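Colleague: The following block contains a protein sequence and its predicted model.
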Amino acid sequence: FGLILLIGGALAISSGFVQSGLNAALGDAIAGVIPQVHPLVLNVIIIASVALCSQVLSSVGTAAAMLPVLESAALMGIVNPLSLILPAMVGTSFAFLLPTATPPNVIVLALSQDLMRSLRVRDFFANGLPLTIVTCLVG
């Protein structure tokens, strides 16, 4: 039941981004930076920021929230939307730090309660931090 609430809450946040116009405001801010930054650096920034957002929201919610923002930024910056959206989609897969990051992490945390020593958030963070850093740099 918690997994459904996690994904539903993230989708509600995404809907709030669109209805309030926050996606256009953030897109406008990002569009101002696009011509000034090298495309490789922009990709690393997008991947890292989306990966960090994916740690708090679920990967589905982050994708739903960031797609309209990056699409708006691409339209305002007059660049191909795929050049911003594809790194973001890759970045949503780099969520390893917290149990809330992906549905499998939530399931593993819930099922570990039956073990002799159940998993803690500290366990996810200690194992996920190096993995997240490496995947963001390689991605």
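Modeller: Perfect, thanks for sending it.
Colleague: Just give me the neighbour total for S112.
Modeller: Neighbours of S112 under the rule other Cβ atoms under 10 Å: 15. All C-beta spots, glycine's among them, are computed from the backbone N, C-alpha and C.
Colleague: I'd like the distance between it and S118.
Modeller: Remark: distance between S112 and S118 (Cβ to Cβ, to the nearest Å) = 5 Å.
Colleague: same deal with A10?
Modeller: Taking Cβ to Cβ, one finds A10 at 25 Å from S118.
Colleague: correct me, but V18 touches L67?
Modeller: No: using Cβ atoms under 8 Å, V18 is not in contact with L67, being 9.9 Å away.
Colleague: between the two, which one's more packed in?
Modeller: Remark: of V18 and L67, L67 carries more neighbours, 20 against 16, as counted by other Cβ under 10 Å.
Colleague: Not counting its neighbours along the chain, what's nearest the more buried one?
Modeller: Nearest-residue entry for L67: I85, 6.3 Å, with adjacent residues in sequence omitted and distances by Cβ to Cβ, 6 or more residues apart in numbering.
Colleague: outside of the helix or strand where that neighbour lies, which residues touch it?
Modeller: In this assignment (DSSP states H and E), I85 forms part of helix 82-91. Outside helix 82-91, the residues within contact range by Cβ atoms under 8 Å, 6 or more residues apart in numbering are 30, 39, 42-43, 46-51, 54, 63, 66-67, 70-71, 73-74, 136, 139.
Colleague: Can you say which of the residues you listed are buried?
Modeller: Buried subset of these (neighbour count, 16 or more other Cβ atoms under 10 Å): 30, 42-43, 46-51, 54, 63, 66-67, 70-71, 73-74, 136, 139.
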